[in-house]
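>>> with the input below, show me the fold.
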Amino acid sequence: MPEFRHLSLSIDDYPWIVFRTDFDCSIMIEVIRWCVHYGLHFFFPWLLAKRFAGERVGKVYLILFSTMLVDLDHLLATPMFEPCRCSIGFHPLHSVGAIVVYLLMLFPKKTRWWGVGLVLHMLTDLQDCWWGC
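Residues are numbered from 1 along each chain as shown. Just a heads-up that it's a prediction; the model follows:
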């Protein structure tokens, strides 16, 4: 097996490669934020359903996916979409009182998957608040 030595590299070692120092990282952060947000809204519920729902994967994913209807309360806001606005505490279905109800929905078996979807939705929107603008 070959022996690896610590390499010290610098920009001067590669004059043919253009290193951009004027790159705006905010665009990249927005792309990552968007991927995380919509990954948590669409892909993560599918993973949960696949892992925990057994043969009812389709039905459970449909329930988890349909909890996105909670975002209809965005239609009541002016402006309807504001990228720097934190949804939690601003929209009626994203209020603390509503979140308490969603947490209580985790306990009865009949509403558990609805509660999981709604709590996951609130956590997804909350992480948007943490990213900031």
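
>>> got the buried residues for the helix or strand residue 127 falls within?
Residue 127 belongs to helix 112-131 when assigned by DSSP states H and E. Across helix 112-131, burial judged by 16 or more other C-beta atoms under 10 Å covers 113-122, 124-125, 128. The way it works is simple: take the backbone N, C-alpha and C, and place the C-beta from them, glycine included.

>>> just the residues you listed: which has the poorest pLDDT?
On pLDDT alone, residue 128 ranks lowest of these, at 82.

>>> so what's it up against?
Residue 128 sits next to 33, 37, 86, 87 when contact means C-beta atoms under 8 Å, 6 or more residues apart in numbering.

>>> ok, back up a step: now, among the buried residues of helix 112-131, which is nearest to residue 76?
Relative to residue 76, the closest of the buried residues of helix 112-131 is residue 125; by C-beta to C-beta it sits at 15.5 Å.

>>> am I right that that closest one is in contact with residue 85?
No - using C-beta atoms under 8 Å, residue 125 makes no contact with residue 85, being 10.5 Å away.

>>> for the residue nearest to residue 61 when sequence neighbours are not counted, what are its contacts?
Spatial nearest neighbour of residue 61, excluding adjacent residues (C-beta to C-beta, 6 or more residues apart in numbering): residue 49 at 4.1 Å. By C-beta under 8 Å, 6+ apart, the contact list for residue 49 reads 56, 57, 58, 60, 61, 64.

>>> tell me, how many residues neighbour the fifth one?
By that I understand residue 61. Neighbourhood size, residue 61 [other C-beta atoms under 10 Å]: 20.

>>> same deal with the third one?
With neighbours defined by other C-beta under 10 Å, the count for residue 58 comes to 10.

>>> can you tell me the element it falls in?
helix 57-66.

>>> who does that helix touch, helix- and strand-wise?
helix 44-52, helix 112-131 (3 or more C-beta pairs under 8 Å, 6 or more residues apart in numbering; DSSP states H and E).

>>> including distance to residue 91, could those helices go into CSV?
Below are the helices and strands packed on helix 57-66 laid out as CSV (distance: least, C-beta to C-beta, whole Å):
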stretch, distance to residue 91
helix 44-52, 20
helix 112-131, 9
